[in-house]
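Chemist: following is a predicted model, sequence given first.
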Amino acid sequence: MGKWEYALVLLCCVVVTLPLEFAGAKVYRRPGRAARAILPVAVVFLVWDVLAIAAGVWGYTPRFLLGVTLPFGLPLEEVLFFVVIPLCGLLTYEAVNTVLALARARRRAGR
């Protein structure tokens, strides 16, 4: 896989969780709400990444990256990571809440 490895992992995460949107998660249908949940945390971790890279605490192996480097030495995939993974988590959380709400409604209707 080489240079596409990190990007493909992120793409797989999106593809695997995408059906949850159609199962009632409604995350993609409310982009403003998703952005308010994801972006503040992403900014904090991106700043953390920038500081760690600058201090030489960690770095990235170019062999697994597409080669697109953003300001402050951040690889594109790293920025995408802090958006994609929380988005997938949010999809999962909302889908579980939807399923649980349906189960509670069915249980109440069956009484």
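Modeler: That came through, no problem.
Chemist: pLDDT score for the nearest residue to G73 once chain neighbours are set aside?
Modeler: Closest residue in space to G73, ignoring its immediate chain neighbours: I53 at 5.1 Å, by Cβ to Cβ, 6 or more residues apart in numbering. The C-beta positions use only the backbone N, C-alpha and C, and glycine is treated the same way. Here the pLDDT value assigned to I53 is 91.
Chemist: what number of residues lie near I53?
Modeler: Residues near I53, counting by other Cβ atoms under 10 Å, number 17.
Chemist: need the contact list for it.
Modeler: For I53, the contacting residues are 59, 72-74, by Cβ atoms under 8 Å, 6 or more residues apart in numbering.
Chemist: what residues sit buried inside the host helix or strand of it?
Modeler: When elements are assigned from DSSP states H and E, I53 belongs to helix 31-54. For helix 31-54, the neighbour count (16 or more other Cβ atoms under 10 Å) marks 34, 37-38, 42, 46, 49-50, 53 as buried.
Chemist: tell me the one among those nearest to V79.
Modeler: L46 (6.5 Å; Cβ to Cβ).
Chemist: for the closest one, which non-adjacent residue is closest in space?
Modeler: F82 (5.9 Å).
Chemist: now that neighbour: phi and psi?
Modeler: phi -80, psi 0 (degrees, to the nearest 10).
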